[in-house]
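*Asks:* predicted coordinates and the sequence they were generated for:
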Amino acid sequence: MSLPSTVLITGMGAVSAAGIGIPATLKAFQRPRREPAPVTRFESLLTFPVFEVENLPAPPELKKMRTYALALTAVSEALEQTGLSNLKGRRVGIALGTTVASQLNDLEFYNAWRSNYAAPMEAVDRFLSGNLAAFIAKELGVNGPAITVVNACSSGADAIGAALGWLQSGLCDMAIAGGADELNRIPLCGFNALGVASAEACRPFDKNRSGLNLGEGAGVMVLETEPSAAARGAESNLLLAGYGSAVDAYHLTAPHPEGRGLRRAIAQALTTANVRDDEIAFINTHGTSTLENDKVEGSTLADLFGNTPMLSTKGYTGHTLGAAGGLEAVFTALGLREGWIPASAGFETSDEETGVIPVREKTKVHGACALSTSLAFGGSNAALVIKYRK
Amino acid sequence: MAADKETALQEIREILKVKLIEQLSLEDVKPEEITDELPLFGEGLGLDSLDAVEIIVLLQRNFGVEVKDAQESREIFQSVNTLAEYIYQQKTGA
Amino acid sequence: MNIQGIGMVSALGRGIDSLETVLETGPIAPSMIEVPFRPALFPVYAVAKETLKDKTALSRMRRADRFSKMAVLAAIDALQNAGIELHDPARTGVVLGTAFGPHPTVFSFLDDILEFGDDAVSPTLFSHSVHNAAASYVSVALGLAGPAMTLTTFTDPFHQSLLLAQTWLDQGVCDSVLVGGVEECGTVMEYIVSRKLRIADDETNIQPFFAEGGPSVIPGEGAVFFLLGREPAGPYSVQFGQIGSKAEPAPDLWIVDFECPALPSSAPAGCWSHLAGSMPTSTAVSCAAGALILKNGTVYSQTSLVKIETVQPMQIGCIGHKKTNIYLGKS
């Protein structure tokens, strides 16, 4: 087996309640902004606060396909940074995580079906017109591996990991990877039913946390093998260095109490990146602000990494489900590039059970490597190691 | 009065047992096997955290009773007896 | 990638033997069910309730939906078919590819919203409506601790799943990978299929997509799992060639899915996937049929939708799957 080639991050795009685009996001990260509010995008009895993206530019044909509009906005931003006007003729893989856009869950269609068993096919056709990865592949006119990853809340991170695998296997020279999800009535109802939606702004790792706030957005990276970038005279100091993934094999909705899968995912990510745990400058956690996630993730990370600076960005974006892993990988890379990480918004009181004290203010970080973690329904765990080459 | 309460509780317990089996897909369990005092979680009926949130929906749909507080639910959800007591209290305001 | 074992759950029953039987003896009749959207009975290759009854295998799955049960049984059977013990559960991965996921569960959840309101829906239904619940159950049922990925595409979920499994094996992430395709049918899907395609009256007038006059289908459902490893093991001595390789071999036989729009001409071609009904994971069924053809040295010409007369048995060294670039050969 030949040594896997280095994979560069040559473009990034981010859309969330924190901002449309990376400059707006970095500005929002300067001070903890906490303005979740009841959902306005659709009717619901449920009034707990969520993080909506405001003023999303969306072409009319994507009006009912918001996840696609979110994804396209982030992909466009990421591609702009590569300096490539188009990708035609290149071997480009597409791996995008989502939850909402993978389901035929149109309530209008289903309501019509229930009333007379003869529903119009418009919603079905919209659904069938392409799933997320196929849609983006078609928009860009590329041919390569294309998958929509549906690993619930670790989808975005796992999509990036899958793309890393393709690139290192030589299946493509570039890949667009990350995740996208819109705020939708179905997860809103579902997370409320699970008893993990908070009535107030979320407080990841805080002793008095009472659950998550849903959010929406998209976060994507353009990944490229070093030879591919070199061939077109492109450079980047940011590398996607490692990925690990492992299941708990424990429970459908609860994480393993000792973080069994998370530990293995992290170990594998560090090994593939050839990075020691003491080289990690900071950890961008999953940190959803639910009692269980923060307890398991916090105590596992505290055990493995001691006082390494940590944060959760959920206080700026809400939990964006399938987009979270993509957005947080981008935020992790930004932290390394900018040399600082934002305050872990919402955290005030430390909790002995988590054993983690995330950064309370904007913090300078030193070092070349950082870790981003994702935990999901179904006991999926994913970890990404990102490197900054000075 | 006490006899009335006991009759009402008995009725609630019976409905509860059937609904628990139905809504939690406890295929192999018969209503009579769920004794009034049997612990619902851990040793006993062996329910888990996902069942706990499902029971909240069960109470809401079948009895019109809300459980909001997680701490409170821990005490209410110990057994069919404690559940029935809670439902009775909520319904009668007693 | 060596095929070490195959498990299959479909209208044909459970286990790879169920496919082998119909390859030898010919198609079975579909179930004729009542549907609310047309007066006539509707034919469907549905997985029978009894097929999904297995108290031992499904002991920790009382809440699971049919999608997850089909997946778990097929995965367990693949392992059993291989007849090997997994040495290290952390070195076995799962890749589950599906076009539509557990949509009947999604619809049940929508029923909840419409009937009981946003604030009184079932959390159990919600947690099963996500596509990766099935892969989670597979991991728990088999005690696996490696990576598990659920992916979706409409056109080639099984092909993309194989590609990912190959990277895991090539890069040493796993020693073996369970790769599966799972699709479920339900009344709403039957309605959608009936709006999109002509429904065959029975198993004798099924016509594939490449047939003159267009397709006439009977929808199906099921799960097919392959246990794949770097080393040969199990009963097949069959392997998948490098997926995505630029060097494409010239196969002795093409396998086409039911949904294939046109027939190749470079070698004889056959279609067997319709035996389990038309579904987006047909490619997995086709590959299972291909593995059996190579293992047994028999081209099942009587049950193919395409007449195969020019192929002598035992001459088949390589089978190509048209539409994707999947090739099967002897290990």
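*Replies:* That came in fine, so what should we check first?

*Asks:* state the helix or strand in which whichever residue of the stretch 201-350 of chain A sits closest to chain C lies.
*Replies:* The nearest approach of the stretch 201-350 of chain A to chain C comes at A:S245, 3.8 Å away (C-beta to the nearest C-beta). Any C-beta I mention is one placed from the backbone N, CA and C, and that applies to glycine too. Using DSSP states H and E, the element containing A:S245 is strand A:238-247.

*Asks:* in the sheet, who's paired with the residue of the stretch 201-350 of chain A closest to chain C?
*Replies:* A:S245 forms beta bridges with A:A382, as assigned by DSSP bridges.

*Asks:* which residues does it contact?
*Replies:* With contacts taken as C-beta atoms under 8 Å, 6 or more residues apart in numbering or on different chains, A:S245 has the following neighbours: A:S154, A:D158, A:G161, A:A265, A:Q268, A:S380, A:N381, A:A382, A:A383, C:P147, C:A148, C:M149.

*Asks:* okay, those in JSON lines with secondary structure next?
*Replies:* What follows is the contacts of A:S245, written out as JSON lines (DSSP: H, G, I helix; E, B strand; the rest coil):
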{"residue": "A:S154", "secondary structure": "helix"}
{"residue": "A:D158", "secondary structure": "helix"}
{"residue": "A:G161", "secondary structure": "helix"}
{"residue": "A:A265", "secondary structure": "helix"}
{"residue": "A:Q268", "secondary structure": "helix"}
{"residue": "A:S380", "secondary structure": "strand"}
{"residue": "A:N381", "secondary structure": "strand"}
{"residue": "A:A382", "secondary structure": "strand"}
{"residue": "A:A383", "secondary structure": "strand"}
{"residue": "C:P147", "secondary structure": "coil"}
{"residue": "C:A148", "secondary structure": "strand"}
{"residue": "C:M149", "secondary structure": "strand"}
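
*Asks:* pick the one among these closest to B:Q10.
*Replies:* Taking C-beta to C-beta as the measure, B:Q10 lies nearest A:S380 of those, at 45.1 Å.

*Asks:* state the number of residues packed around residue 326.
*Replies:* Let's take chain A. 37 (other C-beta atoms under 10 Å in any protein chain shown).

*Asks:* you looked at the wrong chain, it should be chain C
*Replies:* The number of residues packed near C:I326 is 23, by other C-beta under 10 Å.

*Asks:* so what's it up against?
*Replies:* Shown in contact with C:I326 (C-beta under 8 Å, 6+ apart): C:H159, C:L162, C:F240, C:G241, C:I243, C:T283, C:C287, C:G320.

*Asks:* please name the nearest non-neighbouring residue to the residue of the stretch 1-150 of chain A found nearest chain C.
*Replies:* Chain C sits closest to A:V150 of the stretch 1-150 of chain A, with a gap of 3.8 Å, by C-beta to the nearest C-beta. The spatially closest residue to A:V150, leaving aside those adjacent along the chain, is C:H131, at 3.8 Å (C-beta to C-beta, 6 or more residues apart in numbering or on different chains).

*Asks:* and if you look at B:S25?
*Replies:* In space, and not counting its chain neighbours, B:S25 is closest to C:R62: 4.5 Å by C-beta to C-beta, 6+ apart.

*Asks:* double-check the one you found against B:E22; I have them as touching.
*Replies:* No. If you go by C-beta atoms under 8 Å, C:R62 and B:E22 don't touch, sitting 11.9 Å apart.

*Asks:* ok, back up a step: what subset of the contacts of C:I326 is buried?
*Replies:* With neighbours counted using 16 or more other C-beta atoms under 10 Å in any protein chain shown, the contacts of C:I326 contain these buried positions: C:H159, C:L162, C:F240, C:G241, C:I243, C:T283, C:C287, C:G320.

*Asks:* circling back to that earlier point, what distance do you get for the residue nearest to B:S25 to C:Y137?
*Replies:* Distance of C:R62 to C:Y137, computed by C-beta to C-beta, to the nearest Å: 11 Å.

*Asks:* tell me which of these two has more neighbours.
*Replies:* Neighbour tally, C:R62 and C:Y137, criterion other C-beta under 10 Å: the higher count belongs to C:Y137, 26 against 13.

*Asks:* for the one helix or strand that one maps to, packing partners?
*Replies:* Secondary structure assignment for C:Y137, by DSSP H and E: helix C:133-142. Counting contacts by 3 or more C-beta pairs under 8 Å, 6 or more residues apart in numbering or on different chains; DSSP states H and E, helix C:133-142 is packed against strand A:238-247, helix C:66-82, strand C:92-98, strand C:148-152, strand C:176-183.
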